[in-house]
Each structure stands twice: as C-alpha cells, then as structure tokens.
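Colleague: give me a 3D structure for the following:
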Amino acid sequence: MGKITVEKNVNGIEGLCVITPSVFGDERGYFMETYNLNDMEAEGLHYDFVQDNQSASKKGVLRGLHFQKNYPQDKLVRVISGEVYDVAVDLRKGSATFGKHYGILLSAENKKQFLIPKGFAHGFLVVSEYAEFCYKVTDFYHPNDEGGLMFNDPDIGVEWPIPEGMTENDFILSDKDKVNASFKEYCAENGI
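Modeller: So this is what the prediction gives:
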C-alpha cells in the first residue's frame, strides 16, 4: 500500500521534490501513508529524519525565510489543516540555481508534501483562516544557529499570494523575521 508520486527537481532546482501520496478513500473517509521509508528509498530519496515538528498559525502569518547555518536540515513538510504557500530558496554555494526559488500551495485538501534538501532557506505564508503545518527534519534544532532572509527581498522575487482581505503590509511576522538579512547581505557575509 502507500505508493507515492514524486516530481523531482521542481522548477529545475536539483533536489527539490513535490511528493503526492496515494489516498485511499471510501464513504467512511480516507487513509494514506504520510511517510514510508521503503517508498522514499525506492524513489532514490534517502533521509534519516530525527524529529517531527508541528505549528499552528492564523491567516497572514509568514514564517521565514529560515535556514540553519552550521547544522542544516533536510525537511519534509506538509499541511494537515488549512492552506499555506510554501517557498524554498536555493542557498547552496556553487549551485547552478543559487538564489532561485520555488513556491507551492500545500493544503489539507491536496495532501502534497514538499521535500527541501539542506542548503535552502524555507518559509511559508498562511493563506487560509488557520493552518497546521507539519515537518520532519534530519537534524535537531540549534537555536543559536538560525539564519534568515527577508521574505520580500526583490533579488529573490517571491510572489507571495495575498490572502483575501489583506495586503502585504498586513502579514504577521515574528520580531526576528522583521529584521532578516537581504539576499545581498547574505551573499556578502558568506563571500558569494
């Protein structure tokens, strides 16, 4: 049971994958495997996840764009309630797609998952009234190792969908996300 469909290297960015699980439904509801090691490895996706995380946020909350500097994490993310616009930005030195991003709507309804390898900044915007977001990671969180990029940096150029009844000025950011580095500052700090 539990086969998955994997779209690899989305938007031409090596390593980024959109995973769609098989959903088995009937009059009672549905069943799906949200993670199966054998299915992942059959697709050539070898990750040792060590921690599961979950967050809840209201409409207009934007978390990101985050990364770990010295303890990078691979992430497998999904939404179990509501809808978010999820974004990954390639920060891998020497990558042909350095600075390029990809965004996807993840929802409880579409059940898609987004696999983001190490070396990417990641963030999401809640576009529904409320959303619960789950993700597996391959390294533990190190609070003193956080990095971040401005969500609206023009050099990255993410076109965030504006939730109904809001403007970009209404987005709800943490204090630390309000002062994240620009892409140019990130590049200068890292000698790129």
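
Colleague: contacts for stretch 182-189, please.
Modeller: Stretch 182-189 has contacts (Cβ atoms under 8 Å, 6 or more residues apart in numbering) with Leu91, Gly99, Gly147, Leu149, Met150, Asp153, Asp155, Ile156, Ala181, Ile192. The C-beta positions use only the backbone N, C-alpha and C, and glycine is treated the same way.

Colleague: next, format those residues as CSV and append secondary structure.
Modeller: Shown next, in CSV, are the contacts of stretch 182-189 (DSSP: H, G, I helix; E, B strand; the rest coil):
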residue, secondary structure
Leu91, coil
Gly99, coil
Gly147, strand
Leu149, strand
Met150, coil
Asp153, coil
Asp155, coil
Ile156, coil
Ala181, strand
Ile192, coil
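
Colleague: can you put those in CSV and add pLDDT and neighbour count?
Modeller: Formatted as CSV, those follow (pLDDT from 0 to 100; neighbours: other Cβ atoms under 10 Å):
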residue, pLDDT, neighbour count
Leu91, 97, 23
Gly99, 97, 17
Gly147, 95, 18
Leu149, 98, 26
Met150, 98, 21
Asp153, 97, 19
Asp155, 97, 12
Ile156, 97, 19
Ala181, 96, 16
Ile192, 88, 13
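
Colleague: so which of those comes closest to Asp170?
Modeller: The nearest member of the contacts of stretch 182-189 to Asp170, counting by Cβ to Cβ, is Met150 at 16.7 Å.

Colleague: correct me, but the closest one touches Ala181?
Modeller: Yes: the pair Met150 / Ala181 is scored as a contact, 6.9 Å apart, by Cβ atoms under 8 Å.

Colleague: show me where pLDDT drops low in this structure?
Modeller: When residues are selected by pLDDT under 70, those of the chain lie in 1-2.

Colleague: OK, contacts around the residue sitting furthest away from the middle of it?
Modeller: In the chain, counting by Cα atoms, centre = their mean, Glu27 sits farthest out from the average C-alpha position, at 32.2 Å. Applying Cβ under 8 Å, 6+ apart to Glu27 gives no contacts.

Colleague: need the strands for this protein, in chain order.
Modeller: All strands of the chain, identified by DSSP state E, fall at 4-8, 17-21, 24-26, 29-31, 51-58, 62-68, 75-81, 83-90, 101-107, 113-116, 120-126, 130-137, 146-148.
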